[in-house]
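J.: Mind looking at a prediction? Sequence and model below.
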Amino acid sequence: MKNVRKLTEGAILLAAFTVILLVVIYVPVLGPLLNFVLPLPFMMFAAKNNMKYIGAFFVAAILLSFIAGSLFGISIMLIYGAVGTVIGYMLQKNRSRNSILIAGSLMFIVGMIIFYVASAAFFHFNIIHELTEMLKESTKMSQDMLKALGNEEQIKQLNQQNANMIQMIQTLAPGALIIASIGSVFVIQWICFPIIKRFGISVQPWGKLRNLTLPKSLLWYYLIALGGMLLFHPQEGTYVYLALINARYILELFLVLQGMACLFYIFHQRKVAKGLGVFIAILTFIIPIIHYIIMLVGITDIGFDFRKRFEKKE
């Protein structure tokens, strides 16, 4: 009787997954938005079953994905299905939200790397190459317009800007992949967790942002990456340069996050309106000077426990 119930539940979830997958593949506007719901059936099944049933569910999803969308359907399923399975299994083990975010992000990164390599090898599709080609085409159109107006100096500036943009895309692609993966898994949790809680699956709550404290080792990693760039001046395009520049880019974002957590903590202690903190957080990603100020706050907070100065005295 128990096995019949599991089979029925699995069949319903597989049917729901297939419908979502069909919408993702064949409906242009709604499809990309439903990407974040694709892991939901895998989460719900993995949160309630053992590895044997989870494996059978995963294999069945692969077959249905091939029927629904051929190799493209399988590629989407493998990425989001694996993420959903990992998240669901960790929910079964009652892991924290932070642990789930890290594990899900790592699985998403692995899936995206495999998808990128497979696309380049078998379908001759390289997303980085396509982006650079789009930039080149856009620049060419702008050049034609400027030539018609006789602005030769602006053409040179445009070519330089385009070259810098292409170099930046190629250099920061690994770091952007990591940040995008973390952001995607965060959105998946944000959308799917309220739904699975309605089905009786236990989900631990997020902690308050103001209480977030990243490990002190993060600051040392940042100093190593920054020092490596300043001391060794690695040549652009080398593996050392790519590793250091991407490490610096990712670590700076974490330091900004720590700075915002410290800022929210100070505002909470001083009873400042939350709206001001949200406003500053938005400006952090718009105005460079505020971005670096918040990053310095994060560095100070990690290195010297800056927020302790604002603790209320009992």
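T.: Cool, the structure landed. Keep in mind it's a predicted model, so treat the numbers as computed, not measured.

J.: how far away is Ala46 from Phe17?
T.: According to C-beta to C-beta, to the nearest Å, Ala46 stands 12 Å off from Phe17. (C-beta placed from N, C-alpha, C; glycine too.)

J.: no wait, Val117
T.: In terms of C-beta to C-beta, Val117 sits 25 Å off from Phe17.

J.: Same question for Pro41.
T.: 4 Å.

J.: Enumerate every residue touching Gly10.
T.: Applying C-beta atoms under 8 Å, 6 or more residues apart in numbering, we find Gly10 in contact with 45, 53, 56-57, 60.

J.: got a winner among those residues for most neighbours?
T.: Among the contacts of Gly10, the one with the most neighbours (other C-beta atoms under 10 Å) is Phe45, at 26 neighbours.

J.: so who does that residue touch?
T.: Phe45 touches 9-10, 13, 53-54, 57, 88, counting by C-beta under 8 Å, 6+ apart.

J.: Local confidence estimate at it?
T.: pLDDT for Phe45: 92.

J.: Near Thr213, how many other residues are there?
T.: Thr213 sits with 13 neighbouring residues when counted by other C-beta under 10 Å.

J.: For the host helix or strand of Met295, list every residue counted as buried.
T.: When elements are assigned from DSSP states H and E, Met295 belongs to helix 288-304. Of the residues in helix 288-304, those buried by neighbour count under the rule 16 or more other C-beta atoms under 10 Å are 290-291, 293-295, 297-302.

J.: from these, which is closest to Tyr26?
T.: Of all the buried residues of helix 288-304, Tyr26 sits closest to His291, with 40.2 Å by C-beta to C-beta.

J.: For the stretch 151-300 of the chain, just list every one of the helices.
T.: Using DSSP state H, counting those that start in this stretch, the helices found in the stretch 151-300 of the chain span residues 152-197, 217-232, 239-269, 274-284, 288-304.

J.: now these in a markdown table, with distance to Val27 and mean pLDDT?
T.: Listed next are those as a markdown table, based on distance: least, C-beta to C-beta, whole Å; pLDDT from 0 to 100:
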| stretch | distance to Val27 | mean pLDDT |
| --- | --- | --- |
| helix 152-197 | 17 | 78 |
| helix 217-232 | 41 | 85 |
| helix 239-269 | 33 | 85 |
| helix 274-284 | 32 | 85 |
| helix 288-304 | 37 | 89 |
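
J.: Need the winner for burial among those.
T.: helix 239-269 (a mean of 19; mean count of other C-beta atoms under 10 Å).

J.: Now do that one: distance to the chain's middle.
T.: Distance of helix 239-269 from the chain centroid (C-alpha atoms, centre = their mean, to the nearest Å) equals 15 Å.

J.: before we move on, back to that, which one of the helices of the stretch 151-300 of the chain lies closest to Phe310?
T.: Evaluated with C-beta to C-beta, these place helix 239-269 nearest to Phe310, the distance being 4.7 Å.

J.: So what angle separates the directions of that closest one and helix 288-304?
T.: On the basis of axes from the mean of the first three to the mean of the last three C-alpha atoms, to 10 degrees, helix 239-269 is oriented at 80 degrees to helix 288-304.
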